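>>> Pasting a predicted model and its sequence here:
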Amino acid sequence: QTGILETRIGRGEYDFSHDQIQSVAFSLIPEERKAALQLAIGKRLMQGLDSSHRDQFLFSAVELCMAGMEIMGKAEKQHLAFWAFVAGDAALTQGAFEKALRCLDVSIEILGDEPFQKDEELAIPLFCGALEAAFTLNIHDKVD
């Protein structure tokens, strides 16, 4: 179909036919509602993050949830910390170091003070990945 929205018949999915149409539609949403809307969309995408769809939606879901992080509860943030780590690790593998660092930094922020005491299993690879991304991007203040 041609037009503003393209539908995928039988799948209940819609797509904007052009990125600029999506940008304009997003700009029309009142500022105070954007975080909640992005979080709702991100959560919906996260529900579909099984192994068969992970590559397709992982970064979008995580970035949308990160945009709504300030209105999340503690349990939701812990869930996001894990998925942001997964996305950051995937970005490292793909050589997308800026995206990796952005995702890994969010995980580190969520873990807060004493991350190795809170979740050592997540903290070790998380900090190693962030260090690798920062080193590759030549961001010395993060490496130190």
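Yes, it's here.

>>> what's the neighbour count on residue 108?
By other CB atoms under 10 Å, the residues close to residue 108 number 21. Glycine gets a C-beta too; all of them are placed from N, C-alpha and C.

>>> and it, what does it touch?
By CB atoms under 8 Å, 6 or more residues apart in numbering, the contact set of residue 108 is 115, 126, 127, 130.

>>> Helix or strand: which one has the residue nearest the centre of the chain?
What sits nearest the mean C-alpha location of the chain, by CA atoms, centre = their mean, is residue 62, with 2.0 Å. Assigned by DSSP states H and E, residue 62 belongs to helix 54-67.

>>> Now that helix: buried residues?
For helix 54-67, the neighbour count (16 or more other CB atoms under 10 Å) marks 57, 58, 59, 61, 62, 63, 64, 65, 66, 67 as buried.

>>> which SS state does residue 138 fall under?
Here residue 138 is recorded as coil under DSSP: H, G, I helix; E, B strand; the rest coil.

>>> what residues are up against residue 107?
Residue 107 sits next to 80, 81, 82, 84, 85, 88, 122, 126 when contact means CB under 8 Å, 6+ apart.
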